[in-house]
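Engineer: What follows is a predicted protein model with its sequence.
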Amino acid sequence: MRYISTRGSAPVLSFEEAMLTGLARDGGLYVPETIPTLSAEQIAAMQGQSYEEVAFTVMRPFIGDTFTDEEFRAIIARAYEGFGHAARAPMVQLAPNHFLLELFHGPTLAFKDFAMQLIGRMFQAALGRKGERVTIVGATSGDTGSAAIEAFKGLDNVDVFILYPHGRVSDVQRRQMTTSAESNVHALAIDGDFDDCQARLKDMFNDFDFRDTVRLAGVNSINWGRVLAQVVYYFTAATSLGAPLREVSFTVPTGNFGDIFAGYIAKRMGLPIADLVVATNQNDILHRCLSGQGYHKGSVTPSISPSMDIQVSSNFERALFDAYDRDAGAVAQLMDELGQGGFDVSQGAMQALQDIYRSGRVSEEETTATIADRRRTTGELLCPHSAVGVKVADDLRDPATPMVTLATAHPAKFPDAVEAATGIRPGLPPRMADLFDREERFTRLPNDLDALKAHIKGNLSA
Ligand SMILES: *Cc1c(COP(=O)(O)O)cnc(C)c1O
């Protein structure tokens, strides 16, 4: 299996190389040259299997000879053993034919643990074998950073630096990044918003001298290894609702388009997904684009679902690449225009996108009302991101087709918003009850590339 860049002028890589690299050298994102498919029999066989068994079947065709079957099974087993639920990604029912897929039973209580725990183990195995080390730099709106720190802390062959927007992440999110004692963990509070953090990260990757000196590796949602890990739960959820004999739809609270793009990959692999629904908060560039209004940047408005406060959605480039029939030149051109503020999508590509994705946008008031309503009608406490998904699913779903809404974080990660809506302050699970007693450690830095590079070079542990 070979990986190519969405902008067409970076080297073609193996799975291992694409995973260890992150962003392609031409500024593009790596995608598999072809998407493998699973037969209806292979999908039917997943009914009743463990999460780990399904994970092996779904991901195996993508990893080539990076790991033996035995190694890969062991990596998967270790990745999910720390989860607080035997099913890993259990479902609960919200209404007739509407289900909630709980993706928040991992160590940092958000769905990003599914991918990060896995790639932490894959990095360790691949680097250990080669006797190499890397510097992982990530930008986060809150959940990626804590999941990355949790997955990479204490590993011998990596330093992990996480950029987060100072004052714009929740207390729980911040503490999950700043209270780790391991010396290879570096939390950086940047004076800016998430898009600034993401832009500085891209700048570092585009500075080849710096990139090669510190052996930069990216684990943001652009990393193909992360997208791949997220394909798995679409299969476990759909097969437990009757796939492949029955079509199932999904609604995904979306920011960087990674999670929903994983759903698209599942569909391309043969999973019968009827609708794939993008749910955004008031930062709705994706909804506007999918409604035919072009892809034009606005400014970020902070919301009660901060992990989706994004105006530039990195993984959308992968969707555009396929919508433009894999024309890398066209994608490179669009991304140039994005640098000037935005672009319009051609009619053919728009049609291709609308054939796959539907979308909706949710206001702050609707988010709060949805949290309150679901508490009343089902007893469930939703985090604000999950509530954005549930509201859009309510509006758009076909009652005859099972709808699965992805619950992307535990309500206790966003206690203020949940309490404001329901009067109930959700508590952290016992395994992290001491979070607020631990000492915090972070460095505050300006939104400035040179200051960041100097800090990273000066703080490597080896
Ligand atoms: C990251 C995140 C999202 C958005 O996921 P993308 O893959 O960026 O679309 C939604 N909800 C929560 C809680 C998140 O942490």
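Structural biologist: Structure's in. What do you need?
Engineer: mind checking which helix or strand the nearest residue to K297 once chain neighbours are set aside is in?
Structural biologist: Spatially, and ignoring its direct neighbours in sequence, K297 is nearest to Q311 (5.0 Å; C-beta to C-beta, 6 or more residues apart in numbering). Heads up, the C-betas are built off the backbone N, CA and C, glycines and all. Using DSSP states H and E, Q311 sits within no helix or strand.
Engineer: cool, G27 as well?
Structural biologist: Following DSSP H and E, one finds G27 outside all helices and strands.
Engineer: Which secondary structure state does S141 sit in?
Structural biologist: coil (DSSP: H, G, I helix; E, B strand; the rest coil).
Engineer: Spit out the contact partners of it.
Structural biologist: Applying C-beta atoms under 8 Å, 6 or more residues apart in numbering, we find S141 in contact with Y164, P165, R168, V169, F194, G255, P306, S307, M308, D309, I310.
Engineer: now these as JSON lines including neighbour count and pLDDT?
Structural biologist: As requested, these are exported to JSON lines (neighbours: other C-beta atoms under 10 Å; pLDDT from 0 to 100):
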{"residue": "Y164", "neighbour count": "27", "pLDDT": "95"}
{"residue": "P165", "neighbour count": "25", "pLDDT": "93"}
{"residue": "R168", "neighbour count": "20", "pLDDT": "88"}
{"residue": "V169", "neighbour count": "23", "pLDDT": "87"}
{"residue": "F194", "neighbour count": "30", "pLDDT": "85"}
{"residue": "G255", "neighbour count": "28", "pLDDT": "92"}
{"residue": "P306", "neighbour count": "25", "pLDDT": "88"}
{"residue": "S307", "neighbour count": "29", "pLDDT": "88"}
{"residue": "M308", "neighbour count": "26", "pLDDT": "92"}
{"residue": "D309", "neighbour count": "22", "pLDDT": "87"}
{"residue": "I310", "neighbour count": "23", "pLDDT": "85"}
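Engineer: which one among these gets closest to E81?
Structural biologist: Using C-beta to C-beta, S307 is the member of these that lies nearest E81, at 25.3 Å.
Engineer: My read is that the closest one contacts F111, right?
Structural biologist: No. Between S307 and F111 there is no contact under C-beta atoms under 8 Å: 9.8 Å.
Engineer: Give the intersection of the neighbour lists for these two.
Structural biologist: D143, T408, A409.
Engineer: out of the residues you listed, who's near the ligand?
Structural biologist: D143, T408, A409 (C-beta under 6 Å from any ligand atom).
Engineer: List the buried residues for the top helix by length along the chain?
Structural biologist: Of all segments of type helix in the chain, defined using DSSP state H, the longest is helix 112-130. Across helix 112-130, burial judged by 16 or more other C-beta atoms under 10 Å covers 112-127.
Engineer: pLDDT on that helix, on average?
Structural biologist: Averaged across helix 112-130, the pLDDT comes to 95.
Engineer: which strands and helices sit next to it?
Structural biologist: For helix 112-130, the elements it packs on are helix 15-21, helix 69-80, strand 134-139, helix 143-152, helix 224-240, judged by 3 or more C-beta pairs under 8 Å, 6 or more residues apart in numbering; DSSP states H and E.
Engineer: Please convert those to CSV, extending it with mean pLDDT.
Structural biologist: Listed next are those as CSV, based on pLDDT from 0 to 100:
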stretch, mean pLDDT
helix 15-21, 93
helix 69-80, 98
strand 134-139, 93
helix 143-152, 92
helix 224-240, 98
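Engineer: Packed most tightly, which of those would that be?
Structural biologist: helix 143-152 (a mean of 28; mean count of other C-beta atoms under 10 Å).
Engineer: Give me the residues contacting it.
Structural biologist: Applying C-beta under 8 Å, 6+ apart, the contact partners of helix 143-152 are 106-108, 110-113, 115-117, 119-120, 123, 136, 138-140, 158, 160, 162-164, 173, 176-177, 180, 184-185, 187, 219-221, 307, 408-409, 413.
Engineer: just stretch 79-98 next, same as before
Structural biologist: 51-52, 55, 99-103, 105-107, 113-114, 117-118, 120-121, 233, 236-237, 240, 374, 377-378, 380, 390, 393-394, 397, 399-405, 429, 431.
Engineer: Show me just the buried residues among the residues you listed.
Structural biologist: The neighbour-count criterion (16+ other C-beta under 10 Å) marks 51-52, 55, 99-103, 105-107, 113-114, 117-118, 120-121, 233, 236-237, 240, 374, 378, 380, 390, 393-394, 397, 402-405 among the contacts of stretch 79-98 as buried.
Engineer: Contacts only, for the nearest residue to A372 once chain neighbours are set aside.
Structural biologist: Using C-beta to C-beta, 6+ apart and skipping the chain neighbours, the partner closest in space to A372 is A421 (4.6 Å). A421 makes contact with T368, A369, I371, A372, R375 under the criterion C-beta under 8 Å, 6+ apart.
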